[in-house]
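**Q** give me the fold of what follows.
(4 chains)
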There are 2 protein chains.
Amino acid sequence: MNKKITIYDIANKLGITASTVSRALNGNSKISTVTRKLVNETAIEMNYKQNKLAKALKSGKSYIVGVVIPRIDIDFFSSVIRGIEERINSKGYHVMICQTYDKGHLEAKNINSLLGAHVDGIFMSLSNSNIDNTEYFNELVKKEIPFIFFDRKKNITGVSSVVIDDFKGAYMATTHLITQGCKRIALLTNNHLLQIYENRYLGYRQALLDNGFEFNQDLVIDTFHDVVEGRKKTKILLDMKTPPDGIFCVHDHPALGAIQEIKARGLRVPEDISVVGFSNEPFTGFIELSITSIDQSPTEMGRIAAQIFLEEVRNYKRITSETHVVLTPKLIIRKSSLRNDTAVIS
Amino acid sequence: MNKKITIYDIANKLGITASTVSRALNGNSKISTVTRKLVNETAIEMNYKQNKLAKALKSGKSYIVGVVIPRIDIDFFSSVIRGIEERINSKGYHVMICQTYDKGHLEAKNINSLLGAHVDGIFMSLSNSNIDNTEYFNELVKKEIPFIFFDRKKNITGVSSVVIDDFKGAYMATTHLITQGCKRIALLTNNHLLQIYENRYLGYRQALLDNGFEFNQDLVIDTFHDVVEGRKKTKILLDMKTPPDGIFCVHDHPALGAIQEIKARGLRVPEDISVVGFSNEPFTGFIELSITSIDQSPTEMGRIAAQIFLEEVRNYKRITSETHVVLTPKLIIRKSSLRNDTAVIS
DNA sequence: CTGTTAGCGCGTTCAA
DNA sequence: TTGAACGCGCTAACAG
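**A** Prediction:
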């Protein structure tokens, strides 16, 4: 009943060939104006829809890109996807999504799965449980499709990337705490499997040293990207003989947890202990005691990644040169760290 | 160089036919154990990847589903997608995403685009700028692929849906405000193009009437899904001769805006004016003055929608019966409305 | 300007 | 148990 109509159907109806129909539909120049018009009209009339599967099989281009992320229900990731989709959809591409839930094996599985679907490119933000199985990455690079990291990257030859300057972001955040008068600044970080965490750690460290502070490894504690976990680890900090008077967190959620714990103990934020987060998740600006954070402009990051893809995808042959974009982090100063009477953003 | 290897390549290497290879790979029963083993081994050895495009063209099944939503960077939508992807990915399906940005014409365009990509099913949450062009919906229903609404639905024969009971949710929220002692309850809603808003409006209204309250249209104000807009419209409410002492918002973001405005005027929440939101966005529980809200269990909603799809997709022929699931809303009581000393959740 | 032919990679008859 | 041939829908090369 609801038979799919092909170019053959419309060719039959018009007493011409399928190739002519194809040419007319694709705006081939050497086709008579009459037939073109005729074809286009009957195409609409018969409600013809091009089968992109067939076209993809023929051309080797699927007009689909894959996006591999830990999870989609984190504002940062969904915002990046928004940017990618926004930019790429207007060029006729579709976005396919895979979540890894931070599991390394799902990462490999998803990549394979996307390759099977013959995507034209892959955008990826690494999982945080990396078992360092670079095998499938190497295979991926051999394929002649653009492969672009965003945020959570890895240094692989032939793979482009868009990140923010995490070192600088952490440096800015830490320096800001110092400026506000903090004398003993702790770091709530994450495991160091990912470059972003390593770089934020180094930025924090360097800012301390550059300002004549002593770097104290005891003040560096690992935690997860989670409110409750952040609070739990903050307990450890506050239970120290000499607790910190400033905490820099590599994510906003643990920063919130830290603030909760500090207030629960009757201490004041930012007067007793100042707190700075990272990512500028929307909620940091929503809460009464708004949280100072580092903005990563995720939507913009997505747009740029998409742009890189669009440029790379033209070179069918081989990706000769990688593109690496490093965005500048923005320090968004809010109440959780503002002791002096400086200008407040937001 | 990186030539894609097909079943022909492995057939040549083994001196057999492509059909045999195909059969062996697909676990066809009538194939000798020896050849099957041989084929499977060399397949792995040559790093063969099935071309799903070709398979899709042949079989008519793409193993791709489309998800059409207003925007992905709203927690509710990304959480639903998470649920869909989680459930469906394990069955070999991929999720393709389209955003409408609440523009009706993009909605039609995206649907067509997805049909062109020959998706096996479509999940959709309507845009809020509906120009009521049901044409493409009808066409969509004619196609023999599952079509499932979630949250923002429309009543169309042959189309399944998963929603929460918005009427009940609004009823619960309003009743809760009454229980807390509110005497004059306002409604910050949205345009009534979508059923969800209409139903929340009706639930609010009915709760008032059932409790012997007078329904006053002046206390019903339209706004957008946005903090600033919510605050702006709250000004109007507070400027009335007799302002409300309770506000129910059909979204959490305007609820936050309302609280901001109330506090800016030196009034107290919940003592002077109580506020309840809708959706239970994560941030409502993060802020110090946590917001009472209605939980829609979005991830679960996604999982159920996916389940419906998986069941419907078996009936190649025609979708004979629609499935309609209505989830029960959960009232999450928090500080923004808790005047009495009742139990607080979260 | 248009028709003929062929092939993208796969699964599936029909024979053998 | 396996091979040969065909078609899914489309585009591109090669004629005319």
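**Q** what's A:Ile31 in contact with, if anything?
**A** For A:Ile31, the contact set (CB atoms under 8 Å, 6 or more residues apart in numbering or on different chains) comprises A:20, A:23-24. In short, each C-beta sits where N, CA and C put it, glycine included.
**Q** mind putting the residues you listed into JSON lines with pLDDT, secondary structure and distance to A:Ser160?
**A** Listed next are the contacts of A:Ile31 as JSON lines, based on pLDDT from 0 to 100; DSSP: H, G, I helix; E, B strand; the rest coil; distance: CB to CB, whole Å:
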{"residue": "A:Thr20", "pLDDT": "91", "secondary structure": "helix", "distance to A:Ser160": "41"}
{"residue": "A:Arg23", "pLDDT": "91", "secondary structure": "helix", "distance to A:Ser160": "36"}
{"residue": "A:Ala24", "pLDDT": "91", "secondary structure": "helix", "distance to A:Ser160": "38"}
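**Q** looking at these, which is nearest chain B?
**A** A:Ala24 (17.9 Å; CB to the nearest CB).
**Q** what separation do you get for the closest residue to A:Gly121 other than its chain neighbours and A:Phe309?
**A** Counting by CB to CB, 6 or more residues apart in numbering or on different chains, A:Gly121 lies nearest to A:Pro146, which is 4.1 Å off, once chain neighbours are set aside. Here A:Pro146 is placed at a distance of 5 Å from A:Phe309 (CB to CB, to the nearest Å).
**Q** joint contacts of those two?
**A** A:Gly121.
**Q** what helices or strands is the worst-scoring helix or strand of chain A on mean pLDDT leaning on?
**A** One helix or strand of chain A scores below all others by mean pLDDT, DSSP states H and E: helix A:135-142, with a mean of 72. On a contact count with 3 or more CB pairs under 8 Å, 6 or more residues apart in numbering or on different chains; DSSP states H and E, helix A:135-142 meets helix A:104-116.
**Q** anything in the helix it packs on near chain B?
**A** Yes - contact between helix A:104-116 and chain B, assessed by CB under 8 Å from any CB of the partner chain, occurs at A:112-116.
**Q** still on that earlier bit, give me the subset of the contacts of A:Ile31 touching DNA strand C.
**A** A:20, A:23 (CB under 7 Å from any atom of the strand).
**Q** of all the contacts of A:Ile31, which comes closest to DNA strand C?
**A** A:Thr20 (3.5 Å; CB to the nearest atom of the strand).
**Q** correct me, but the closest one touches A:Tyr8?
**A** No - with contacts defined as CB atoms under 8 Å, A:Thr20 does not count as touching A:Tyr8, sitting 11.3 Å away.
**Q** the two: who's more crowded?
**A** Remark: of A:Thr20 and A:Tyr8, A:Thr20 carries more neighbours, 18 against 11, as counted by other CB atoms under 10 Å in any protein chain shown.
**Q** now the more buried one. Nearest residue, chain neighbours left out?
**A** A:Thr35 (6.6 Å).
**Q** show the contacting residues for A:Ala117.
**A** Counting by CB under 8 Å, 6+ apart, A:Ala117 makes contact with A:62, A:64, A:66, A:96, B:52-53, B:63-64, B:94.
**Q** residues of chain A that sit close to DNA strand C?
**A** Residues of chain A lying near DNA strand C (CB under 7 Å from any atom of the strand): A:15-20, A:23, A:28, A:30-36, A:54, A:57-58, A:60.
**Q** buried subset of the residues you listed as a ChimeraX selection?
**A** Buried residues among the residues of chain A next to DNA strand C (16 or more other CB atoms under 10 Å in any protein chain shown), as a ChimeraX selection:
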select /A:20,23,31,36,54,57
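**Q** wait, A:Lys168 sits on A:Thr328?
**A** Yes - with contact defined as CB under 8 Å, A:Lys168 reaches A:Thr328; the gap is 7.2 Å.
**Q** neighbour count: those two, which is higher?
**A** Applying other CB under 10 Å to A:Lys168 and A:Thr328 shows that A:Lys168 carries more neighbours, namely 20 against 11.
**Q** on that earlier part again, what helix or strand does the residue nearest to A:Thr20 sit in?
**A** helix A:33-45 (DSSP states H and E).
**Q** what is the rounded mean pLDDT of that helix?
**A** For helix A:33-45, mean pLDDT is 89.
**Q** which elements pack onto that helix?
**A** Using 3+ CB pairs under 8 Å, 6+ apart, helix A:33-45 sits against helix A:7-14, helix A:18-25.
**Q** what's in contact with it?
**A** A:10, A:13-14, A:16, A:20-21, A:24-25.
**Q** one step back: ok, the residue nearest to A:Gly121 - contacts?
**A** Per CB under 8 Å, 6+ apart, neighbours of A:Pro146: A:120-122, A:160, A:308-309, A:312-313, A:319.
**Q** chain center to stretch A:14-25: distance?
**A** 44 Å (CA atoms, centre = their mean, to the nearest Å).
**Q** what lies in contact with it?
**A** A:6-8, A:10-11, A:30-31, A:35-36, A:38-40, A:42-43, A:50.
**Q** do that again at 6 Å, thanks
**A** A:7-8, A:10-11, A:31, A:35-36, A:39 (CB atoms under 6 Å, 6 or more residues apart in numbering or on different chains).
**Q** can that stretch be found next to DNA strand D?
**A** Yes - Stretch A:14-25 comes into contact with DNA strand D (CB under 7 Å from any atom of the strand), by way of A:18-19, A:22, A:25.
**Q** so how far does stretch A:323-335 reach from one end to the other?
**A** 38 Å (CA to CA, to the nearest Å).
**Q** buried set for it?
**A** Residues A:323, A:325, A:327, A:329, A:331-335 are the ones in stretch A:323-335 that count as buried (16+ other CB under 10 Å).
**Q** now check that stretch, is it near chain B?
**A** No - Stretch A:323-335 does not reach chain B (CB under 6 Å from any CB of the partner chain); its nearest approach is 11.3 Å.
**Q** so where do the helices sit in the stretch 101-250 of chain A?
**A** With helices called from DSSP state H, counting those that start in this stretch, the stretch 101-250 of chain A shows them at A:104-116, A:135-142, A:166-179, A:195-210, A:227-238.
**Q** who wins for proximity to B:Val141 among those?
**A** Nearest to B:Val141, of all those, is helix A:104-116, at 30.0 Å by CB to CB.
**Q** and the closest one, what's its mean pLDDT?
**A** 86.
**Q** please apply the same query to stretch A:299-312.
**A** Computed over stretch A:299-312, the average pLDDT equals 95.
**Q** next one: stretch A:150-160
**A** Stretch A:150-160 comes out at a mean pLDDT of 90.
**Q** from DNA strand C, how far off is the residue nearest to A:Gly121?
**A** 19 Å (CB to the nearest atom of the strand, to the nearest Å).
**Q** and for A:Gln99?
**A** Counting by CB to the nearest atom of the strand, the gap from A:Gln99 to DNA strand C is 26 Å.
**Q** helix or strand for the nearest residue to that residue once chain neighbours are set aside, which one?
**A** Using CB to CB, 6+ apart and skipping residues adjacent in sequence, the residue nearest A:Gln99 is A:Arg71, 5.3 Å away. Using DSSP H and E, A:Arg71 maps to neither a helix nor a strand.
**Q** so for A:Arg71, what's the pLDDT?
**A** 94.
**Q** returning to that earlier point: pick the most buried one from the helices of the stretch 101-250 of chain A.
**A** Counting by mean count of other CB atoms under 10 Å in any protein chain shown, helix A:166-179 has the highest mean neighbour count of those, with a mean of 23.
**Q** what packs against that helix?
**A** helix A:195-210, strand A:246-249 (3 or more CB pairs under 6 Å, 6 or more residues apart in numbering or on different chains; DSSP states H and E).
**Q** I am finished for the moment; much appreciated.
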